[in-house]
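J.: Just the structure for this:
(chains A, B, C and D)
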Amino acid sequence: MTETNVLLIVSLTLVAVAGTVVVATGEPSRQAVVLSVFGLLLGLLFVVLQAPDVALSQIGVGTAVVPLMVVLAVRKIRQLGSRR
Amino acid sequence: MSLYAYLVAGWLLLAGFFGVVRSRDLVHTAVCVSVAQSGTYVLLLGIGFQRGAGAPVFAPGIPTTSPVVDPVVQAMALTDIVVSATVTALLLAIAVQIAKRHGTVDPDELHALRG
Amino acid sequence: MSRGVRTLIFLAGAAGLGMLLVLAFLRCPPFGGDWHPYRDMAVPAALAHVTPNVVSSVNFDQRGLDTLGEETILLGSVLGATVLLRPGRHETRREPQDVGRVLQVTRLGGYVMLPLALTLGLDVVIHGHLTPGGGFQGGVVLATGLHLTYVAGSYPALRRLRPVSWYEYAEALGAGTFSVLGVVGLVTSAALLANFLPLGQFQQLFSSGTVLALSVATGCEVAAGVVVLLAAFLEQTIMIDSSRERAG
Amino acid sequence: MATGFAAFGTALPALGIAVPLVGACLLLALDQVLPRVAVDALAAVVVLGVAVLMGALVAITASGRVVSWAGGWRPAGGVSVGIVLVADPFGAGLAFLVALLTLAALLYGWQYFSHAEAHLPVLLLLFVAGMTGFALTGDLFDMFVFFELMGAVAYALTGYKIEEPESVQGAFNFGVINSLGAYLCLAGIGLLYARTGQLGLAQLGAALSGHPADLLVLVAFTLVATGWLVKAAAVPFHFWLADAHAVAPTPVCVLFSGVMAPLGVYGVARVYWATLSGTVSAAGVQRALLVLGVLTATVGALMCATQRHLKRLLAYSTIAHIGLFLLGVAALEPAGLAGSALYLAGHAGIKGALFLLVGVLLSRYGCVDEITLYGRGRGSRALGWLYVVAALALAGLPPFGVALGKAISEESLAATWLAVVFTAVSAVTGAATLRAGLRVFFAVGPPPPEHHDEDVTTGEREEREVEPAPARTPPTMLVAILLLLALGLVTGLPAVGSAAGRAAERFTDRAGYLDQVLHGAAAPAVPTPHGAAWTALGAGLGVLSAALAVGLALLVLYAPRLPRTLRVAGARTAPATHALHRLHSGHIGDYAAWLLVGAVALGVLLALPGSAAGATGVTP
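T.: All right, here's what the predicted structure looks like:
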C-alpha cells in the first residue's frame, strides 16, 4: 500500500515538474524534446494509475507523434525565417 | 496525499494557461495548450483510481470478480488524448501558415486583427 | 495590452480559478476510494458482451457514440490539417534529397525496428478487446513504425512506402466502416452502434461482437490518418519551397 | 404500421448524425475522381436528406420527446451504461436549422467557390454531424465530444483561406481559446462525475437532486458553462468570434453566426434545465445570465457600431444578439426561452442573408471595407433593397421572426430597463448595418473621410473568394439569400410562435425529462402558454427599434452636416470607444487571460447569496 503511495507521489511530482519545464521552455525546438519526456512521464503515471490502455496511447501520441509534428513545424518556420 | 493528484491536475491546467499568456512563439503556445489539456487526463484518471484495484482488463487467469479501477474515465481520457493530438496538429499547421503570411510567429508582432 | 498588465490579469484569474478548483477538490470523494458507480455497471456489461478489456467495451460498445465522435474529430482534423498545409499560390514543390548525415547505426536500427513495429501495431489492433490497446493505440504504433524509415534517414524510401492518396482512401474507408457498422446496428437492432455480431467465447480472438470489428476499423482509420497528417507536415518541411511566397 | 412509424421516429436522431458522416466519407473517397458538379450535387443531396429527416423529427417531437439509446443500452432502475439521444422540439429544431443553413451555404457556393484540392463540402458535412450531435445528445461527455468535433472542423474552416494573414491569425485565436474553454469544461465534467459517477444529463440530474448545490457542484457548473459560453462568445469570452467570423469563407460565416455560436447558449440552457435546475440556486443563475447578457449585448453593440470592415461589423452584431438571447434565457421561465429560441432562428436567417450579401460584394470588388466601397454598389439596386430589408429585420421590424422573438423575450422580463436594453441594442446594431448598406448601395450621405487608425481593422485588402469575379450575381447565390430571408419571415408566423411556446414548456419540464429518459414514461401533453404570440405592444416595440435604427443611421450618415455642438458631444465619446477597441487586440495571450477572469467572475456570480429578482421583476 505504501509502495503504491510512494510510486504515486513520485510519478505525480515528476509529471508536475516536467509539465512546468515544458511551459517554461520558450525555445520551441528544445521544447519538443522536453515535451517528449513529459509525454513519457505521463505514460508512466498512467501505468501507476492502472490505465495501460491510456498509457499506450499517451506514449504513442505524446512521445512520438506530437513532438515530431512540433519539430517539423519549427523546422519549416526556421526555413521561412532564414530568408528574411 | 488524497488531494495531491487533483492538485497536480489543477497545476498543469493553469500552467498551460500561463504558457499561453506569456508565450512569445505560437508553436510554444500550441504546446502549452496541450499541457493544459494533460491536466484533464490526470484529473480524470485520478477520479477513477482505486487503491489496490487492478487495471480494467481481465487477462486469462484473473478472476472477473477481482476489483478494477474505473474504466469509464480511462475511455474518456483516451478520447481526450485524441482530441489533444488533433487540436495540436491543427494549431501547428495554422502556425506554419502564420509564419508564411506574417513573417513572424511572435504574437506580439501580429497586427492583422484589431478592434 | 502590455506584457505586464496581461500577466497581472492572468494572475488574478489564475488565483481565483485555483481557489475555486481547490474548494471543489476538497469536496471530491477521497482519492483512491472504492465508490465508482459507473464502473460497477460497466464491468458486468463488458463481461455480458464477452469483452475482457472493459475499456474497449466502454469505447466501442457501451459508449460507442463517443468513439464515433472521436474518430470523426480525427478525420476532420487530418483533413483540416492537409487543407491548411496545402501549397499556396506562389509555392512550388521541389524534389527531396536523401539526408546524408545519418549514422549507419541509426539507419540500421530504423530498418530493423520497422517490421517489429508493424507486427506490434497489428497485434495491438486485433487484440484490443482482450488485452490493453485497440484500434487507436495500434493505429498510432503502425503509423509511427512506418515513419521509422524517416528516422533511418530516407525520405524517398518513406515516400515509396506511402502513396498518400491510398492512405486517404484507407482513412475514409476506416471511418466510413465505423459509421456504416453503426447504421447496420440501427437497422438490425433498432439502436445506433448496437452490438449485433455473435459474441463468441470469452478470451477467444473472435469474440465480443462488434468491438473487434469497430476496433479494426478504427485501427485502419487511425494508422492511415496519422500517416496522412505526418505526410502533410513532412511535405511542408521537405518538399515545399516557399521562397517565392510574399510575406504579409 | 404504427410500430414501424415509431421505429422510424426513434431512428431519426441517430440518422441525423450518421447520414452526414457516411456522406462525408463517401465524398472524401470520391472527390478526387468525380467531376466538380457531381461533388457539389452529392453534398447537396446528403444535406437535403438530413434536412428532410430533421424536419420529420421536428414534426414528431411536437407530440413528445424522442428518446433513443445508442447501442441499445436501455436503462434499468434509472441508470444505464449507454449514451442517450434525446430529441425535443428545440434540439430537433436546431438540428433542422443546421441542415437548412448548410443547404443555403452549399447553394451559395454552388460551382463557384474555389475548392480545388480543398475538400470544403466534406468539412461542411462533418461540421453538420458535429452540430447535430451536440443538439441531440443527452449525455454531458458526449456533448463535449461533439463540441470538440464542431471546434476542430471550424478551426480548419476558419483558416481555409490560407493566403490571407487575417484568416490564419483568426483561426489560431479561435482554436486556442475554444480549446482552453473546452478543457475547463471537461474539468467541470470530471468534477460532476467524481460526485455522482454519472455522465448522462438525466442521470446526473437524478443523482444531484434532493440536495442544494455545494461548492463542488457550483464550480463544476461554472466550468461547464464557461466552455459553452466560450462557444457562445459571451463577454469576456467573445474575443475570438469577430476574429474568426470576419475571416472565414462567407458560406461558413452563415453557419458560424447562425447556429454554431447560438449552440453555446443552447448548451447552457440544456445543462441547466435537464440537470441542475432545482439544485443550483436559480437566483445565482439568473444573476449570472443577466450580467453576462447585458455586458455582451452592450459591448457587442458598441463594437458593431464602430466597425468599417463589413464582416466584422456583422460578427459584432452577432455578439450583441447573443447577449440578448442570454437575457431571454435569464428569465428562467418558458416564455423567455421561447422568445430566445424564435429570436435565434429568425436571427440565423437574417444574419445569414446579410453575410451572403456582403459575400456578393466581396466576390465583385475584392473588398469588404465600408469606406472604400462607398457608392460602388449603386449598380445593383435589387441587392441593395434586399440588404436594407434584412438590416431593418435585424433591427426588429415586424413581421420577421427576430421581432417576434424579441417581443416575447421583452415581455417575459417584466423590468422596463431590460426592455430598454433590448430596444437600444437592436436599434444600434440595426443602425450600423443599415448605415453601411446605405453607403455602399445607395451612396447616402457625403463620402466618408478616409482616416487611419491602427486599432481598427479595415477590410480593404481581402482575397476574392470567387475567381474570376462573376459579371453578374449567379442565380444560385440569389436563391440562397432569398431562402435565408424567407426563413427569417417564416419564424415570425404566429403558428411558429405558439409552437415555440409549447417547445419551451417541454424544455423546462425537468421532471418530465427525467421520467421519460430514465423510466420510459410517456410525455404528457403540454398546454400552449400565454404570451408566445404577437401583441400590439411587442409589435410596437419592434417598429420603434426599427425606426430608431433608421434615425440613428441617417444621423451618422449626415453627421458632418450636424450643428457643431452635437459633433463635439460625439467626439467626447471617442476615447472610450478607442479604449474598447484596444482591448480587442487580436493578441492570444490577452484572450486567454480574460478567459480565466471571466470563468472566475461567472463562478462568483453563481455563488453569491441573494436574489436578482429585484432587478428583473421576475421571481424564479
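
J.: For stretch C:18-26, buried residues please.
T.: Neighbour counts using 16 or more other C-beta atoms under 10 Å in any protein chain shown place C:18, C:20-21, C:23-25 of stretch C:18-26 among the buried residues. In short, each C-beta sits where N, CA and C put it, glycine included.

J.: Sort out which of those are in strands and list them.
T.: Taking DSSP state E as the definition of strands, those contribute nothing to them.

J.: So which of those residues is the closest to D:His519?
T.: Here the nearest of those to D:His519, counting by C-beta to C-beta, is C:Ala24; it sits at 30.7 Å.

J.: Tell me where chain C has strands.
T.: Counting by DSSP E, the segments of chain C that form strands are C:92-93, C:240-241.

J.: Need these in JSON lines (columns: distance to D:Ala99).
T.: Formatted as JSON lines, the entries for these read as follows, by distance: least, C-beta to C-beta, whole Å:
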{"stretch": "strand C:92-93", "distance to D:Ala99": "39"}
{"stretch": "strand C:240-241", "distance to D:Ala99": "37"}
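
J.: So which of those strands is the most surrounded?
T.: Highest mean neighbour count among the strands of chain C (mean count of other C-beta atoms under 10 Å in any protein chain shown): strand C:240-241, with a mean of 18.

J.: Apart from its neighbours in sequence, what residue is nearest C:Ala213?
T.: C:Leu181 (6.0 Å; C-beta to C-beta, 6 or more residues apart in numbering or on different chains).

J.: May I ask you to confirm that that neighbour is in contact with C:Ala194?
T.: No. Using C-beta atoms under 8 Å, C:Leu181 and C:Ala194 do not qualify as a contacting pair, with a distance of 9.6 Å.

J.: any common contacting residues for those two?
T.: Shared contacts of C:Leu181 and C:Ala194 (C-beta atoms under 8 Å, 6 or more residues apart in numbering or on different chains): C:Thr210.

J.: quick one: D:Gly501 and D:Pro527 touch, right?
T.: No. Applying C-beta under 8 Å, one finds D:Gly501 not in contact with D:Pro527, separated by 9.1 Å.

J.: Could you check which of those two has the larger neighbour count?
T.: Neighbours per residue, other C-beta atoms under 10 Å in any protein chain shown: of D:Gly501 and D:Pro527, the larger number sits with D:Gly501, 26 against 9.

J.: Can you verify that one is assigned to a helix?
T.: Yes. Assignment of D:Gly501 by DSSP: H, G, I helix; E, B strand; the rest coil places it within a helix.

J.: Mind jotting down where the helices sit in chain C?
T.: Chain-ordered helices for chain C, with DSSP state H as the definition, fall at C:3-26, C:37-48, C:54-57, C:64-84, C:104-126, C:135-146, C:148-151, C:155-160, C:164-189, C:210-234.

J.: could you give the angle of the longest one to helix C:64-84?
T.: Calculated by axes from the mean of the first three to the mean of the last three C-alpha atoms, to 10 degrees, helix C:164-189 forms an angle of 160 degrees with helix C:64-84.

J.: State the mean pLDDT of helix C:164-189.
T.: Averaged across helix C:164-189, pLDDT comes to 94.

J.: Only the buried residues of that helix, if you could.
T.: For helix C:164-189, a neighbour-count test (16+ other C-beta under 10 Å) marks C:167-168, C:170-179, C:181-186 as buried.

J.: Could you name the helices and strands sitting against that helix?
T.: Secondary structure elements in contact with helix C:164-189, counted by 3 or more C-beta pairs under 8 Å, 6 or more residues apart in numbering or on different chains; DSSP states H and E, are helix C:64-84, helix C:210-234, helix D:2-30.

J.: Turn the ones you listed into a markdown table, columns for mean neighbour count.
T.: Written out in a markdown table, the entries for those read as follows (neighbours: other C-beta atoms under 10 Å in any protein chain shown):
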| stretch | mean neighbour count |
| --- | --- |
| helix C:64-84 | 28 |
| helix C:210-234 | 26 |
| helix D:2-30 | 20 |
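
J.: of all these, which lies closest to D:Pro563?
T.: Set against D:Pro563 and scored by C-beta to C-beta, the helices and strands packed on helix C:164-189 come closest in helix C:64-84, at 53.0 Å.

J.: if we can go back for a sec, closest one to chain D among the strands of chain C?
T.: strand C:240-241 (12.1 Å; C-beta to the nearest C-beta).

J.: Outside of the lowest-mean-pLDDT helix or strand in chain C itself, list whatever touches it.
T.: Taking mean pLDDT, DSSP states H and E as the measure, the helices and strands of chain C show their lowest mean at helix C:148-151, namely a mean of 73. Where contact means C-beta under 8 Å, 6+ apart, the residues beyond helix C:148-151 that reach it are C:106, C:110-111, C:113-114, C:117, C:157-158, C:161, C:234.
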